[in-house]
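# sequence and predicted model, in that order:
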Amino acid sequence: MKLISQAATTLFGLLAGGMLLIATGLVPYWRALDTVEFTQAFATSLPTVGGTMIVLTILGTGSMVLAAGLALWKKLPGRAWLAAGAAATLIMLVCVPFYFGAANAALSGGTLSGEAITAELATWQQMHWFRTIVGILGLFCAVSAGYASEKTA
């Protein structure tokens with residue numbers, strides 16, 4: 001179980017780190033571009049960045065849910081922390097179909113006006129920061145679960 005929890009924490013850390021990198025690196029770069037350049041850059045980077053984040057989201061969420069489920073089932077120390085981490089990953093996951101799917105398509109489609117792109121990118125940034133903060137809090141929970149289980153071992 002320790003290995004599963006550590007793997008889940010590592011995968012979740014990669015997900016949260018990727019989110020932070022996008023929030024602090026890519027989004028400021030995108031916002032500095034004019035809208036035509038932004039649309040081209042976003043559309044070009046979406047398959048790579050989005051594809052990577054989808055894989056990390058699936059692996060991070062699946063492993064955290066598995067680790068939390070096993071910890072709850074076996075009544076292991078740190079199970080509440082793992083459950084909170086799993087809840088965070090699920091919140092992050094739910095944001096994708098409810099916001100990012102349509103927003104990414106709109107931003108990369110080239111059909112929005114310049115003002116609409118600027119407004120949508122501002123909303124995208126806010127939603128992304130929400131997911132990033134939830135991810136960092138979830139990672140804190142996952143790491144705390146490890147400490148909780150070590151204290152009782």
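Good, I have the coordinates. Numbers count the residues shown, from 1 in each chain.
# can you tell me the SS state at the nearest residue to Lys2 once chain neighbours are set aside?
Closest residue to Lys2 apart from its sequence neighbours, by CB to CB, 6 or more residues apart in numbering: Ser149 at 7.1 Å. Using the backbone N, CA and C atoms, a C-beta is placed for each residue, glycine as well. Using DSSP: H, G, I helix; E, B strand; the rest coil, the structure places Ser149 in helix.
# count the residues that sit near Ser149.
When neighbours are counted by other CB atoms under 10 Å, Ser149 registers 19.
# and the gap between it and Leu11?
Distance from Ser149 to Leu11, counting by CB to CB, to the nearest Å: 18 Å.
# do Tyr99 as well
Counting by CB to CB, the gap from Tyr99 to Leu11 is 23 Å.
# cool, and Leu59?
From Leu59 to Leu11 the distance is 5 Å (CB to CB).
# these two - which one has more neighbours?
Higher neighbour count among Leu59 and Leu11: Leu11, with 23 against 17, using other CB under 10 Å.
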